[in-house]
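Colleague: any chance you could fold what I've pasted below:
(4 chains)
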4 protein chains.
Amino acid sequence: MKIGFIGLGQMGTGMAKNLIAAGHQVTLYNRTRSKAEALAGDSATVAETIADACRGEAVFTMLPDDKALAGIVDGTDGILENLSKGALHISSSTISVAMAERLAASHAEKGQAFLSAPVFGRPEMAAAGKLFVVAGGAEAAIEKAKPLFDAIGQRTFAISEVPKGASLVKLSGNFLIASVIESLGEAIALVDKGGIDKKAYLELLTSTIFGAPVYQTYGGLIVEEKFEPAGFAAPLGKKDVDLALQAGDALNVPLPIASLLHDRFLRLLAHGGENLDWSAMGALAAKDAGRQN
Amino acid sequence: MKIGFIGLGQMGTGMAKNLIAAGHQVTLYNRTRSKAEALAGDSATVAETIADACRGEAVFTMLPDDKALAGIVDGTDGILENLSKGALHISSSTISVAMAERLAASHAEKGQAFLSAPVFGRPEMAAAGKLFVVAGGAEAAIEKAKPLFDAIGQRTFAISEVPKGASLVKLSGNFLIASVIESLGEAIALVDKGGIDKKAYLELLTSTIFGAPVYQTYGGLIVEEKFEPAGFAAPLGKKDVDLALQAGDALNVPLPIASLLHDRFLRLLAHGGENLDWSAMGALAAKDAGRQN
Amino acid sequence: MKIGFIGLGQMGTGMAKNLIAAGHQVTLYNRTRSKAEALAGDSATVAETIADACRGEAVFTMLPDDKALAGIVDGTDGILENLSKGALHISSSTISVAMAERLAASHAEKGQAFLSAPVFGRPEMAAAGKLFVVAGGAEAAIEKAKPLFDAIGQRTFAISEVPKGASLVKLSGNFLIASVIESLGEAIALVDKGGIDKKAYLELLTSTIFGAPVYQTYGGLIVEEKFEPAGFAAPLGKKDVDLALQAGDALNVPLPIASLLHDRFLRLLAHGGENLDWSAMGALAAKDAGRQN
Amino acid sequence: MKIGFIGLGQMGTGMAKNLIAAGHQVTLYNRTRSKAEALAGDSATVAETIADACRGEAVFTMLPDDKALAGIVDGTDGILENLSKGALHISSSTISVAMAERLAASHAEKGQAFLSAPVFGRPEMAAAGKLFVVAGGAEAAIEKAKPLFDAIGQRTFAISEVPKGASLVKLSGNFLIASVIESLGEAIALVDKGGIDKKAYLELLTSTIFGAPVYQTYGGLIVEEKFEPAGFAAPLGKKDVDLALQAGDALNVPLPIASLLHDRFLRLLAHGGENLDWSAMGALAAKDAGRQN
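Modeller: Got it, this is the predicted structure:
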């Protein structure tokens, strides 16, 4: 397929590489042009403008937040004005439910298709083409995007017939990961102060009933206190928990653990956590217990 | 080995059966005698008294809480007075850190060995001999108990050289499970009210980064709202979270999620949750959101 | 002084009456015109448009939230376009810190003066001219507004030289009131279930170290379970706690009690609390304890 | 009246002085004898033993916790064995509901009367005879103790016909004070980081709807960061919040703010707060916001 790809951060770069490797013709756009040039080749060209990236059957966007995505979508040079009728915008960014709803309406007005297709997985998984794709939108659009999703991920879940459904699921998933970080942080602080070896403890947990990647990955980071460089930075983690809380507000669903996480992230940011991985939240319990500075 | 086994509830029955099946000579004691009789056979006899169960090389206890265990251990008819010098008491109950410490000291005074060896796994896993054993105590005692642990479990973790270490780890593990119940309850309430199919959602979570038994088991119970009969009753769940909080108090380790869980359990119990599985806590978020009564 | 007054809800009506009674010439504007007509008389006239209310030395606004205030301020018919150079806009609404900041800048651009002057006190106090005025803005503007504040309140606090400072203080105050509602609700649920007479308990508290109006007022409402009609409706209470949380977010200040209150309000709204007084939050603890339905 | 007084800490010393000044014959007992000797005079003698302090019509106890009180009450030298039939034990300590219940039963068995009569007020108020007495027990016993209560306090509240009722009320009151400390701490951290003068802010609060001694006293300590010497030490504050939580547990009443306070106190103690006033908890919010070390 002939597609565009906008947003070549850590995640986007891996995804774009795999789309190119799968044989698709990809026009790459990135604010910092050098990142696009690094991927250019036979079947990959660098776009001068956003509009250049909108001339194919589909355009992917992978941006850090609502605001960055709006900057790419709106305006005369934006996706809405330049994408062909019938073509498809696939947003893989983790965005708010409200933003997904707004984009669905705006694209429909223009006769364009829109999917919200956020992904689970850290940069290593993006590079390996092993992401999990959570797709929301019309069945036909998901069907059309299938070969693209196959290139970037190991499995696609068509979780909702409306784009905002996929965004909600993705936000809830990030909330669950943050819950694991905090609860693991508390448990590790407790057993560590009680004289148990932290590594052996994590090995026990992940060899038994907590044998999921999320415990292995984040437990490892907490035990090693390895919070830099950030695979997923604390401000992004806070943003997603906040968006889950906003979704809860809109639906009148109280989320007490999410509220607690919000406060924890805020404290992390008030103490220089801007550039740390979000798993650094898992070190706060040890700090409260007087085990770390 | 010639051993005793005291406490034939849901978990104890499965464990005792597997010890018998592995060829050990087991003397069974249970307050309600009929449960012991149901297991009697060639290599399994029914004890008249606690003392009768203490005449072998080792005696297992599997009781619901500190108080029940103290009732078996103390007094002239209890384990402390009747276990031979050099013999081993293996406590598989989930008990407080303070109780494990007290028993270690009391048994040492009598020249007896003591292990705290709580297990992870629900009744089905006990029946199948697939428990995970978390053992704390002297290396030699753990070595001696190895064939017994092999009969009841799929793997043994020698996590600490003192019994209380194993109790702390077990309590922290139950705290982590309860954290999963609550956070899943919140996430499910959120996406459900947002129009997502709960079963498909759980399937997505457990097929991706949350692919651990704990998410499958408890997620399934929450999605199905199947809280009876209780595999692990809410008052026991509350007890363990409270014991984790007590351990945190003794060590000056604040555990904010555990505090939140404590309050949730209390509310469940104030509304008739005595006989429900502890996963019923995962339905409170849906209640708060107005989705259930 | 010749002034305008916009927003004749429960609070605004009391304030406007006292301004009129103090001898000021007041032009009244309200979306539902009848409320303005009810106050009309010798020194009070009804405005046809917002612009009509902007022809004096100052214009008060008393609206329920940022959005309603923006609807009055912006646009060709709004305050910004119609207030004379050098004239003063006094916003007594409880608005966000961000909104106060935005209005300060917009009015400065137009050569107009702006004060954020929210008030503490319920409708009875507004009617009696006994409000407390929390004023933020340039000293000269506060001085000029002094006779107006004297008409509506018993005391004025010039708390900040920037308008947003007064808004922050007001939001923090409403957060503190909500904290009293929740903590009193918990305490009353506890002693009530413990067999203590609730009225006698409140009398004890307010006769001793909790002898402040806030305990008398909200304690009385909780004890009597008198949540209708709302003196200050739950959605407004939630809005203010949310704005305090937003201010905390902007400044990196975690507010764990505010987060807890947010969740409580959300639960109240999910169960039909839209029209109840915000003190109805104080009944949730009794519900959790199984004392109420 | 001829009475005994046991427990001459900061609070007890002030109370005993006022009982002596009111003309009662007081026999004083304190573990550290010198504190009793300091008060000795015409109508005040120093007891050699606890039993010596039990020979009058009534004996007061003012101890820091359940354990200290039990050490005075139990044993052959204790109050239970030595107080005359018909005489009265007045416990002014802040003790657990369970302890009050146990003492009521034990004294009844011995034909002795028992009142739980904890007090509100800090050391200055004890010295000035201005305490508030919260009395629980039989009406006749409260009537008999009236002249004693009049000597130590400005008002007595006969809040319950059972001793444990008064203990519950006292614990709930200390929980409410701790709630004020924490919520004030959060509010002050917020406005301070927002550029508002802390002293002016507190003056505003306490001059308006928060004009209660509890806001003046604790607000002042938080604003001045004056946490030493401790009027009421953090470990005692934690103890009382924990006893309120225990009372809630026994009655199935979740107290989410109390749980939050428990965690805050624990963190304070993990960072050297043993000797600080409990109002030091009100500085944690500022720490979380990065305003203090």
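Colleague: ok, then the element right after the longest helix along chain A?
Modeller: Once chain A is assigned using DSSP state H, the helix that runs over the most residues is helix A:163-193. Scanning forward in sequence from helix A:163-193 by DSSP states H and E, the next helix or strand is helix A:198-207.
Colleague: now the very next helix or strand once past that next one: average pLDDT?
Modeller: Using DSSP H and E, the helix or strand that follows helix A:198-207 towards the C-terminus is helix A:213-224. Mean per-residue pLDDT for helix A:213-224: 96.
Colleague: if we can go back for a sec, so the longest helix of chain A, near chain B or not?
Modeller: Yes: legend: contact between helix A:163-193 and chain B by CB under 8 Å from any CB of the partner chain is shown at A:164-165, A:168-169, A:172-173, A:175-177, A:179-180, A:182-184, A:186-187, A:189-191, A:193. C-beta here means a position set from N, CA and C on the backbone, and glycine is covered the same way.
Colleague: could you pick out the buried ones from the residues you listed?
Modeller: A:164-165, A:168-169, A:172-173, A:175-177, A:179-180, A:182-184, A:186-187, A:189-191, A:193 (16 or more other CB atoms under 10 Å in any protein chain shown).
Colleague: can you give the distance from the longest helix of chain A to the centre of its chain?
Modeller: 14 Å (CA atoms, centre = their mean, to the nearest Å).
Colleague: the inter-axis angle of that helix versus helix B:163-193?
Modeller: On the basis of axes from the mean of the first three to the mean of the last three CA atoms, to 10 degrees, helix A:163-193 is oriented at 170 degrees to helix B:163-193.
Colleague: so which strand or helix has whichever residue of the stretch 101-250 of chain A sits closest to chain C?
Modeller: Nearest residue of the stretch 101-250 of chain A to chain C: A:Asp249, at 6.6 Å (CB to the nearest CB). Secondary structure from DSSP H and E places A:Asp249 in helix A:234-251.
Colleague: does chain B sit close to that helix?
Modeller: Yes: residues of helix A:234-251 contacting chain B under CB under 8 Å from any CB: A:244, A:247-248, A:251.
Colleague: all strands of the stretch 51-200 of chain A, in order?
Modeller: Counting by DSSP state E, counting those that start in this stretch, residue ranges of the strands within the stretch 51-200 of chain A are A:58-61, A:88-91, A:113-116, A:119-120, A:131-136, A:153-160.
Colleague: re earlier: ok, the residues of helix A:234-251 next to chain B vs chain B, which is closest?
Modeller: For the residues of helix A:234-251 next to chain B, the closest approach to chain B (CB to the nearest CB) belongs to A:Leu251, at 4.7 Å.
Colleague: leaving out chain neighbours, which residue sits closest to that closest one?
Modeller: Nearest in space to A:Leu251, with sequence neighbours left out and distances taken as CB to CB, 6 or more residues apart in numbering or on different chains, is B:Lys193 at 4.7 Å.
Colleague: ok, the one you found - contacts?
Modeller: Counting by CB atoms under 8 Å, 6 or more residues apart in numbering or on different chains, B:Lys193 makes contact with A:251-253, B:289, B:291.
Colleague: quick one: which of those residues is most hemmed in?
Modeller: Neighbour counts for these, by other CB atoms under 10 Å in any protein chain shown, peak at A:Val253, which reaches 29 neighbours.
Colleague: is it part of a helix or strand, or is it coil?
Modeller: Under DSSP: H, G, I helix; E, B strand; the rest coil, A:Val253 falls in the coil class.
Colleague: mind listing what it touches?
Modeller: So A:Val253 contacts A:247, B:186, B:189-190, B:193, B:285, B:288-289, C:266, C:270 (CB under 8 Å, 6+ apart).
Colleague: same thing with A:Gln216?
Modeller: A:Gln216 neighbours (CB under 8 Å, 6+ apart): A:Thr206.
Colleague: near chain D, which residues of the stretch 151-293 of chain A show up?
Modeller: A:263, A:266-267, A:270-271, A:288-290.
Colleague: of the residues of helix A:234-251 next to chain B, grab the buried ones for ChimeraX.
Modeller: Paste this into ChimeraX to select the buried members of those, with burial taken from 16+ other CB under 10 Å:
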select /A:244,247,248,251
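Colleague: adding pLDDT, write the residues of helix A:234-251 next to chain B out as CSV.
Modeller: Compiled in CSV, the residues of helix A:234-251 next to chain B are given as follows (pLDDT from 0 to 100):
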residue, pLDDT
A:Ala244, 98
A:Ala247, 98
A:Gly248, 98
A:Leu251, 97
